[in-house]
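**Q** Below is the sequence, then the predicted model.
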Amino acid sequence: NGEIEKAMIFPDVIVSNGHEPNATTYNTLINGLCRRGEIEKAMNILDVMTSQGLEPDEITYNILIDGMCKNGEIEKAMGFLDAMVSNGHEPNIVTYNTLINRLCKQGEIDKALDFLDVMTSKGLQPDVVTYSTLLDGLCKKGEVEKATDLFDVMISKGLQPDVVTYSTIINWLCKNGEIQKAMDALDLMISKGLEPDVVTYSTLINGLCKTHDVEKAMNFLDVMSSQGHEPN
RNA sequence: GGAUCUGGAA
């Protein structure tokens, strides 16, 4: 609701009622501040949390790292990661996915792929989020060959593309003017039992509108509504 | 029956 100031009062209220806030309580607040880009305040809450004798957990760290990344402060995020490691907290798959996403968004795909190697060497298995993130980054950079290869790797590891993976591919096909293939991909995902969501449909509708096929776009509007996905 | 982190459209 954006009313973090009101929420901030609650740890005190909780304590005065005799219920100690736990890590989740603080994580929730820290996340709210990070989403507003108020990283400094979030770090202050981290201090409060620690001074209450609560150990930040991996979710706390991931929230802060993502906050810094989304705030464009990847250097800070990397530094924080180092500090975290030297305090004995190993990054998990979400941590890596977060950093990989930021690197992709900055167009630094090679660095992102380095992290893929790092996580693998640490025994962490990249998941469908990792691959979908990299696929999106590669497609947006026009590295279609590499994207295709990576998709094959993902499949060979037994990972199933999900609705986001398909939406990513559909988006790329649309942007590349391959609308028919995009619609084929939609059929394919449905045939695999996956349910397109509002983003999947919006992606296609956008592609169709950009190629002036408003008729088909309108059809998909009907289809999504009939599938119970309200247009947003 | 209830809470917190990462990927896709605009």
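**A** Structure's in. What do you need? Residues are numbered from 1 along each chain as shown, chains lettered A, B, ... in the order given.
**Q** Any regions of chain A where pLDDT drops low?
**A** Residues of chain A that meet the criterion pLDDT under 70 lie in A:1-16.
**Q** That one: helices as residue ranges?
**A** Listed in chain order, the helices of chain A (DSSP state H) span A:4-16, A:23-35, A:39-51, A:58-70, A:74-86, A:93-105, A:109-121, A:128-140, A:144-156, A:163-175, A:179-191, A:198-210, A:214-226.
**Q** and the angle from the fourth one to helix A:39-51?
**A** To tie it back to what came earlier, the one meant is helix A:58-70. If you take axes from the mean of the first three to the mean of the last three CA atoms, to 10 degrees, helix A:58-70 sits at 170 degrees to helix A:39-51.
**Q** quick one on the thing from earlier: between the helices of chain A, which one is closest to residue A:232.
**A** Closest to residue A:232 of the helices of chain A, according to CB to CB: helix A:198-210, at 5.7 Å. For every residue, glycine as well, the C-beta is placed using N, CA and C.
**Q** mind listing what's buried in the closest one?
**A** Taking 16 or more other CB atoms under 10 Å as the neighbour-count basis, helix A:198-210 is seen to contain the buried residues A:199-205, A:207-208.
**Q** Make TSV from those residues and add distance to RNA strand B to it.
**A** Below are the buried residues of helix A:198-210 laid out as TSV (distance: CB to the nearest atom of the strand, whole Å):
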residue	distance to RNA strand B
A:199	3
A:200	4
A:201	8
A:202	3
A:203	4
A:204	8
A:205	7
A:207	8
A:208	11
